[in-house]
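Asks: build me a model from this:
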Amino acid sequence: NRERMIKEIQNILAYSGDVFLWENTVEGLFSGRNPEWFEKIVKPLNLPIIFDISHSFISHNGDNEKLMDDLEALVPYIQYFHVVDSIGTEHDGLSLGKGKINWGPIIPYLKGKPYIYEVLLEDMNDAEEMAISHEYLQYLAKELKLL
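Replies: Residues are numbered from 1 along each chain as shown. Reported below is the predicted structural model:
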């Protein structure tokens with residue numbers, strides 16, 4: 001299946017250029033759980049990535065070191081970030097600071113790249129959780145002298 005998927009990705013890349021981005025997942029072919037994800041798929045295809053920070057964290061069962069390993073390996077391919085916290089066991093979409101992701105080391109990777117806070121909102125007409133996440137990230141960056 002991997003070879004078939006690679007051929008399909010190559011076909012899509014041939015007509016989509018840099019418009020189509022590939023998001024990492026919690027499990028499966030595009031997951032940090034797949035030991036071949038980087039070496040056999042991303043790197044040889046020069047795959048443009050949306051890096052969902054919580055997806056990487058969850059795929060590694062809440063391991064911040066493995067999240068950072070993913071981030072460091074994939075950073076040349078990352079075009080865009082989904083910034084969202086997690087406990088690390090399921091797709092929970094938490095506001096920053098409510099989960100177990102260590103945001104300090106991640107902040108420098110966000111500089112100069114576009115990102116959105118992909119937080120699950122309690123009320124779809126109120127983005128309060130996203131605003132709180134932004135305030136948390138800005139506060140942490142100032143505290144760590146990363147701004």
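
Asks: going forward, measure contacts between C-alpha atoms and count neighbours the same way
Replies: Will do.

Asks: ok, for the most centrally placed residue in the chain, nearest residue in space, not its chain neighbours?
Replies: Note on the chain: the residue nearest the mean C-alpha position is residue 52, at 2.0 Å, using C-alpha atoms, centre = their mean. Spatially, and ignoring its direct neighbours in sequence, residue 52 is nearest to residue 82 (4.4 Å; C-alpha to C-alpha, 6 or more residues apart in numbering).

Asks: for that neighbour, helix, strand, or coil?
Replies: Under the three-state scheme (DSSP: H, G, I helix; E, B strand; the rest coil), residue 82 adopts strand.

Asks: right, and it touches residue 113 too?
Replies: No - at 10.8 Å, residue 82 and residue 113 do not qualify as touching, with contact defined as C-alpha atoms under 8 Å.

Asks: tell me which of these two has more neighbours.
Replies: residue 82 (18 against 11; other C-alpha atoms under 10 Å).

Asks: specify the beta-bridge partners of the more buried one.
Replies: residue 52, residue 116 (DSSP bridges).

Asks: got the phi/psi numbers for residue 32?
Replies: The phi/psi pair for residue 32 (degrees, to the nearest 10) reads phi -60, psi -20.

Asks: make that residue 97, sorry
Replies: phi 90, psi -10.

Asks: kindly report the same for the one 5 residues further on.
Replies: When read as degrees, to the nearest 10, the backbone of residue 102 gives phi -90, psi 100.

Asks: what pLDDT does it get?
Replies: Per-residue confidence (pLDDT) for residue 102: 98.

Asks: from residue 12, how far out is it?
Replies: Going from residue 102 to residue 12 by C-alpha to C-alpha, to the nearest Å gives 35 Å.

Asks: more neighbours: which of the two?
Replies: residue 102 (16 against 12).

Asks: my read: that one touches residue 64, true?
Replies: Yes - Residue 102 lies in contact with residue 64 (C-alpha under 8 Å); the separation is 6.6 Å.

Asks: output the lowest mean pLDDT helix or strand found in this structure.
Replies: When the helices and strands of the chain are scored by mean pLDDT, DSSP states H and E, helix 2-16 comes last with a mean of 89.

Asks: starting at the chain centroid, how far to that one?
Replies: On the basis of C-alpha atoms, centre = their mean, to the nearest Å, helix 2-16 sits 21 Å off its chain's mean C-alpha point.
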